[in-house]
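K.L.:
Quick one: sequence plus predicted model below, questions after.
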Amino acid sequence: MQSLLAIAADLSWPFAITVAWVIGEFGHRWTGLPRISFYGVIGFILAQAQVGILPQMDAGPMLVLADVAFGLILFEVGYRINLRWLKNNPWIAVAGLVEALGTFAIVYFIALEFDTSRMTALLLASLSMSTSPATIMRVINEERSSGQVTERLVHLTALNCVLAVFTFNIIVGFWMFHSSTDLIEATSSSAAVLAASVAAGTVFGIIVPAMLRRLGNMAQDATVAFALSVMLLVALTYTTSLSPLLATLTFGLVARHRRVAFSQAQRNFGALGELLTVLLFVYAASTLEWSSVTAGAALAGAVIAGRLLTKVVGVAAFSHVSGISWRKGILTGVALTPVSVFIILLLEHARQLGVNFGDELNALAAITLMLELLGPVLVQRVLMLAKETHEIKER
């Protein structure tokens with residue numbers, strides 16, 4: 001009997017990933033909705049807290065694989081960032097700063113109105129600044145979209161992620177101060193981790209393009225080289241307790257500006273990226289519990305509404321000065337809605353540092369589940385309304 005249970009446990013993740021992929025393919029074909037929404041549904045249903053097919057979550061191999069999957073996506077996001085464009089049109093960056101800081105302030109005061117503690121409100125506000133690059137890039141690649149809204153969405157997503165990582169780690173440093181009573185040690189430790197993560201990504205961004213240039217013709221298809229480099233970088237950050245999220249984003253950003261063409265590499269890193277994307281979204285949804293979702297539903301609804309309004313107003317306010325119409329500015333703000341996977345991985349890494357939030361962030365479970373399902377659909381519809389998807393352009 002025990003051997004059968006052991007076999008079932010070993011097969012649970014391959015089974016869940018296969019089921020999620022099959023349902024995602026059929027669901028996309030029948031409804032036209034993004035595949036990742038279906039992946040999230042399956043992950044949530046099969047989780048230990050619901051049906052119980054997947055084993056209890058821990059900081060083991062699945063988290064490492066999820067970080068590799070997310071690292072590939074963050075690398076691609078970083079690689080698409082055009083610093084020269086932001087320099088020539090600084091209003092895009094200004095819009096990103098305004099909507100991110102505005103989101104922080106609005107969510108913070110909403111959380112306080114729901115009688116949460118000041119520290120919990122700060123954590124919720126910092127995480128709400130972010131936009132999920134996993135959702136954004138997956139839908140963009142699936143729809144093969146391109147245009148003003150698409151490019152602004154990628155750039156603003158990257159800016160939101162960097163701001164969220166920095167503020168979240170600083171606040172976690174203060175959280176640790178409550179137990180260590182050494183404010184300087186707590187904050188300097190967080191700052192050092194962030195700086196070292198950026199440095200690691202920068203080193204990879206310099207060395208890997210240099211190697212590809214020396215290889216000559218092999219650089220025409222950089223998919224394998226960049227994928228292996230991301231895996232190595234994630235492993236390195238685990239060994240040194242750095243942030244794999246910030247390191248891989250920096251790697252992509254620096255690699256782009258080392259003048260190595262990534263155009264011949266496959267979008268989403270081909271079949272490897274497809275497989276890891278399924279794993280990532282199944283894993284993310286499987287960390288959620290229905291009891292936490294229902295407990296935080298009211299605050300979650302208020303946060304989602306306040307966050308959406310702030311991002312739309314923040315981006316739309318700078319539409320004309322940054323060179324697009326009000327309509328496209330509003331659409332870009334709406335497309336910044338997804339947050340799910342990014343939040344889950346940040347929280348998992350905080351738990352590895354010994355920071356356990358318990359039931360204090362129940363609202364995040366509800367926010368994550370809602371936007372895990374609705375976020376990809378919103379992004380898809382925005383890109384369609386902006387007429388930037390491949391199918392609409394072909395008509």
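P.N.:
Here it is on my side, so go on.
K.L.:
C-alpha from now on. contacts and neighbour counts both.
P.N.:
Fine.
K.L.:
I'd like to know how far the residue lying closest to residue 324 once chain neighbours are set aside sits from residue 327.
P.N.:
The shortest distance from residue 324 to any non-neighbouring residue, by Cα to Cα, 6 or more residues apart in numbering, is to residue 148 (7.8 Å). According to Cα to Cα, to the nearest Å, residue 148 and residue 327 sit 12 Å apart.
K.L.:
Then residue 198?
P.N.:
Residue 198 is 36 Å from residue 327, where distance means Cα to Cα.
K.L.:
quick one: which of these two has more around it?
P.N.:
Neighbours per residue (other Cα atoms under 10 Å) separate residue 198 from residue 327, with residue 198 holding more: 21 against 12.
K.L.:
Next one: residue 189, what pLDDT does it get?
P.N.:
pLDDT, residue 189: 63.
K.L.:
Hmm, residue 132 and residue 342 touching each other?
P.N.:
Yes. Proximity of residue 342 to residue 132 meets the contact threshold set by Cα atoms under 8 Å, at 5.3 Å.
K.L.:
State the number of residues packed around residue 270.
P.N.:
By other Cα under 10 Å, 12 other residues sit near residue 270.
K.L.:
Excluding residues flanking it in the chain, which one is nearest it?
P.N.:
Distance criterion Cα to Cα, 6+ apart; nearest residue to residue 270, sequence neighbours excluded, is residue 223 at 8.0 Å.
K.L.:
just checking, the one you found touches residue 273?
P.N.:
No. Contact criterion Cα under 8 Å: residue 223 and residue 273 do not qualify, at 10.1 Å.
K.L.:
Give me the pLDDT value at residue 22.
P.N.:
For residue 22, pLDDT reads 94.
K.L.:
Can you give me the neighbour number for it?
P.N.:
Neighbour count for residue 22, taken as other Cα under 10 Å: 14.
K.L.:
What is the three-state secondary structure of it?
P.N.:
Taking DSSP: H, G, I helix; E, B strand; the rest coil as the rule, one finds residue 22 in the helix state.
K.L.:
ok, now which ones touch it?
P.N.:
Applying Cα atoms under 8 Å, 6 or more residues apart in numbering to residue 22 gives no contacts.
K.L.:
Tell me the spacing between it and residue 35.
P.N.:
Going from residue 22 to residue 35 by Cα to Cα gives 10 Å.
K.L.:
What of residue 371?
P.N.:
Residue 371 is 14 Å from residue 35, by Cα to Cα.
K.L.:
ditto for residue 83
P.N.:
Taking Cα to Cα, one finds residue 83 at 31 Å from residue 35.
K.L.:
Give me the more crowded residue out of those two.
P.N.:
Legend: neighbour count by other Cα under 10 Å for residue 83 and residue 35, higher for residue 35 (25 against 14).
K.L.:
Contact partners for the more buried one?
P.N.:
Residues in contact with residue 35, defined by Cα under 8 Å, 6+ apart, are 24, 25, 27, 28.
K.L.:
Quickly find the element holding the second one.
P.N.:
Think residue 25. helix 2-31 (DSSP states H and E).
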